[in-house]
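1. Dropping the sequence and predicted coords here.
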Amino acid sequence: MAVPTPRGVVAAGFAGGGGASTDGAAGTATPALLLLLADGRLHSGECLARELGVSRAAVWKGIERLRLRGIEIEAVPRQGYRLPATVELLDAGSIRAVLGGDRRQRLRHLALEFEVDSTNTRLLAAAPPPPGSADVMLSELQQAGRGRRGRPWIAPFGGSLAVSLGWSFADGSRVSPALSLCVGVAVVRALARAGADGIRLKWPNDIWCGDRKLGGVLLELRAEASGPAHVVIGVGINVALAATVRQRIEATGVRVAAVADACTVPPSRNFIAGAIIDELLSMLTDFEREGFAAFCEAWTALDALRDRPAQVLLADTRICGTARGVNAAGALRLELEGSIREFASGEASLRGVG
């Protein structure tokens, strides 16, 4: 039986992919073979070949190409192929439906890719949007995603989100390191809308669930002296992780969590993506007007390490104390031996103790 193509998704070639379509077009150029497998059910090679109008040998080659991209596909002898679980593919219409009216107007372009090196890199290299509007890019696969300080970001297919939003500030001097804290508040608000409970923030850019990393924020800036600034906000989120994927990520030394861990029902990737974009657009308007002051109280209420033993890692030293939140500029406050030291996000990293 034919599997209908999801709204906003293009079956761009049998085993193709890597292309994209933007605002006003259909959506992500996802390989047609993957579209058929997205329901998580078994599909025989014969049926896949018939649906795609190719030979069974071509189906096998297509399966291998998808596997080489890091997509796990199970082969059941004499029965066919399937993904380990149903995958909700990215869908432009579903994402846009989550946005409020004024935010929808501010979204200039929504680009859905099948595979990129990095959504942040792509947007930062593009022409910036005009002030007051945003360009957004998401990708099913991200081969060179990165976190803070250039660390690699593992984004498993179908179980994560890689969202990047480009924004222009007419006055680049208004862009402060505290913007990453405001992004964190916006992301937590978005995840709460998706039904996630107990999500917290770790200074300066980690999204936490139960003292485990659920996601992260990466801000990149291209600015002129005393002029405008083009900022790209990158958000990586674990939506639902299989046990094998958790083990692979935790082998890197990161204690990991997913949005599904904090929800009573399975969350929707498209809803989460739309809610994050919606909250980011709302946040940016307030940030341009009021700066971090509009979010300081909210960030403090979400601070996962406030009043807990912590250590600050600098380039060549480690300082232990008690985390005491942030100051009005978003800098970390660490109490040690009865005094408070403050650290900017660009110079320090924070770790919990115990």
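-> Sure, I can see it.
2. how about the closest residue to Glu337 other than its chain neighbours, secondary structure?
-> Nearest residue to Glu337, sequence neighbours excluded (C-beta to C-beta, 6 or more residues apart in numbering): Gly321, at 8.0 Å. Using the backbone N, CA and C atoms, a C-beta is placed for each residue, glycine as well. Of the three states, Gly321 takes strand according to DSSP: H, G, I helix; E, B strand; the rest coil.
3. Report how many residues lie close to Gly321.
-> 18 (other C-beta atoms under 10 Å).
4. Check the gap between it and Gln311 for me.
-> 8 Å (C-beta to C-beta, to the nearest Å).
5. Over to Phe157?
-> Taking C-beta to C-beta, one finds Phe157 at 35 Å from Gln311.
6. These two: which has the busier surroundings?
-> A side-by-side neighbour count of Phe157 and Gln311, using other C-beta under 10 Å, places Phe157 first with 18 against 15.
7. okay, now the nearest residue to that one once chain neighbours are set aside: neighbour count?
-> Nearest non-adjacent residue to Phe157, counting by C-beta to C-beta, 6+ apart: Ile71, 4.9 Å away. Close neighbours of Ile71, defined as other C-beta under 10 Å, add up to 20.
8. surely Ile71 meets Leu34?
-> Yes - Ile71 lies in contact with Leu34 (C-beta atoms under 8 Å); the separation is 7.2 Å.
9. Please name the bridge partners of the closest residue in space to Ser349 that isn't next to it in sequence.
-> Distances taken as C-beta to C-beta, 6+ apart place Leu313 nearest to Ser349, at 4.5 Å, with adjacent residues excluded. In this structure, Leu313 bridges to Arg318, Ser349 when assessed by DSSP bridges.
10. Tell me who's in contact with Leu313.
-> By C-beta atoms under 8 Å, 6 or more residues apart in numbering, the contact set of Leu313 is Ala348, Ser349, Leu350, Arg351.
11. What is the neighbour count of the last one?
-> This means Arg351. Neighbourhood size, Arg351 [other C-beta under 10 Å]: 14.
12. On the three-state scheme, it is what?
-> When classified by three-state DSSP, Arg351 comes out as strand.
13. ok, it to Asp206 distance?
-> With distances taken as C-beta to C-beta, Arg351 is found 11 Å from Asp206.
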